[in-house]
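> okay, sequence plus prediction incoming.
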Amino acid sequence: MSHPITSGMILAAGLGTRMRPLTNTTPKPLIKVAGRTMADRAIDLLKHNGVENVVLNASYLGEQIKDHFAKRTDIQIDISEESQPLETGGGVTKALPLLKGDAFFVLNGDAVLLNGHTPALERMARKWQHEDLDILLLLHPSNKAIGYDGRGDFTLTSNGTPAFRTEQRDAPYVFTGVQIIARHTFEGRTVTKWSLREIYQNAIEKGRAKAIVHDGDWLHVGTPHGLELAEDHFAKFA
């Protein structure tokens, strides 16, 4: 049986080029949606699921991220500084000494996840089996994702096994950026630029990857227009 997952990471080092001009002066994870930054919302999800320490990586406009989270004291927050963005895989690898346990959550700091009937991270923690899995992904139906107009990322079998979309076909599910990753998958990895996609691919090939489908809302805040759509969505419940 796996131990409870008490550590999580927020990926917050990207340049946010598609969100310009807003990101010319503000790192994307600190852009507010309905009055709260996207990174704070991600940390809220982790805290409410029993996570005790959170790591954020910071590079572009990193001093703003450090200053902002130095003021948040309700949960332990550490900053992993990158002189240049290391992409998702390199960023997590550099932050490993700050992460605890045999597995941990990793969330994107530039999207908004709203829980459905059962909190998404709680569902994932229940599904996680360290003996059998290297990765557990949270997917969302592509056609229900707010602010998303891409071709999707994954297909999914009836038993929850994901597969990457082929170039020739669209896929019914988009990756939310929310995941549980086993620490041992980083053995032998170096602190260089590389993508977590490599870990997903290896896990899929080994039969050690699963995914569940989110039953709440997911807001893809990738552009200024996506931000407008996200604000409109929250306004419906105001």
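That came through fine. Residues are numbered from 1 along each chain as shown.
> any idea how far residue 148 lies from residue 23?
19 Å (Cβ to Cβ, to the nearest Å). For the C-beta atoms, the positions are set from N, CA and C on the backbone; glycine is no exception.
> and whichever strand or helix holds residue 199, which residues are buried?
For residue 199, the host element (DSSP states H and E) is helix 197-206. Of all the residues in helix 197-206, those buried under the rule 16 or more other Cβ atoms under 10 Å are 199, 200, 203, 204.
> what residues are up against the last one?
Taking Cβ atoms under 8 Å, 6 or more residues apart in numbering as the contact definition, residue 204 lies against 161, 162, 163, 164.
> got a markdown table for the residues you listed, with distance to residue 134, secondary structure and pLDDT too?
Converted to a markdown table, those look like this (distance: Cβ to Cβ, whole Å; DSSP: H, G, I helix; E, B strand; the rest coil; pLDDT from 0 to 100):
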| residue | distance to residue 134 | secondary structure | pLDDT |
| --- | --- | --- | --- |
| 161 | 13 | coil | 94 |
| 162 | 12 | strand | 95 |
| 163 | 15 | strand | 93 |
| 164 | 15 | strand | 93 |
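> residue ranges with poor pLDDT in the protein?
Scanning the chain with the threshold set as pLDDT under 70 gives 1-2, 238.
> the helices in it, which residues?
38-48, 62-70, 87-95, 120-127, 197-206, 224-235 (DSSP state H).
> dump the ones you listed to TSV, plus distance to residue 182.
Below are those laid out as TSV (distance: least, Cβ to Cβ, whole Å):
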stretch	distance to residue 182
helix 38-48	18
helix 62-70	26
helix 87-95	12
helix 120-127	13
helix 197-206	9
helix 224-235	31
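> the ones you listed: which one's closest to residue 134?
Nearest of those to residue 134, taken as Cβ to Cβ: helix 197-206 at 4.0 Å.
> the closest one vs helix 87-95, what angle?
Relative orientation of helix 197-206 versus helix 87-95 (axes from the mean of the first three to the mean of the last three Cα atoms, to 10 degrees): 100 degrees.
> find the nearest non-adjacent residue to residue 91, please.
Nearest non-adjacent residue to residue 91, counting by Cβ to Cβ, 6 or more residues apart in numbering: residue 57, 4.4 Å away.
> do you know how far that neighbour is from residue 11?
From residue 57 to residue 11 the distance is 6 Å (Cβ to Cβ).
> before we move on, what about residue 5?
Residue 5 is 17 Å from residue 11, by Cβ to Cβ.
> and what of residue 228?
Relative to residue 11, and taking Cβ to Cβ, residue 228 is found at 23 Å.
> got the end-to-end distance for stretch 128-145?
Using Cα to Cα, to the nearest Å, one end of stretch 128-145 lies 24 Å from the other.
> among the contacts of residue 204, which one has the most neighbours?
residue 162 (23 neighbours; other Cβ atoms under 10 Å).
> who's in contact with that residue?
With Cβ under 8 Å, 6+ apart, residue 162 has these contacts: 137, 139, 154, 155, 156, 173, 200, 204, 209, 210, 211.
> do residue 30 as well
37, 38, 39, 64, 65, 68.
> do the same with residue 200
Contacts of residue 200 (Cβ under 8 Å, 6+ apart): 135, 137, 162, 164, 209.
> coming back round to it: of the helices of the chain, which is nearest residue 215?
The nearest among the helices of the chain, by Cβ to Cβ, is helix 120-127 at 7.8 Å.
> return the set of buried residues in the longest strand along the chain.
The single longest strand within the chain, with elements called by DSSP state E, is strand 173-182. For strand 173-182, burial by neighbour count (16+ other Cβ under 10 Å) applies to 173, 174, 175, 176, 177, 178, 179, 180, 181, 182.
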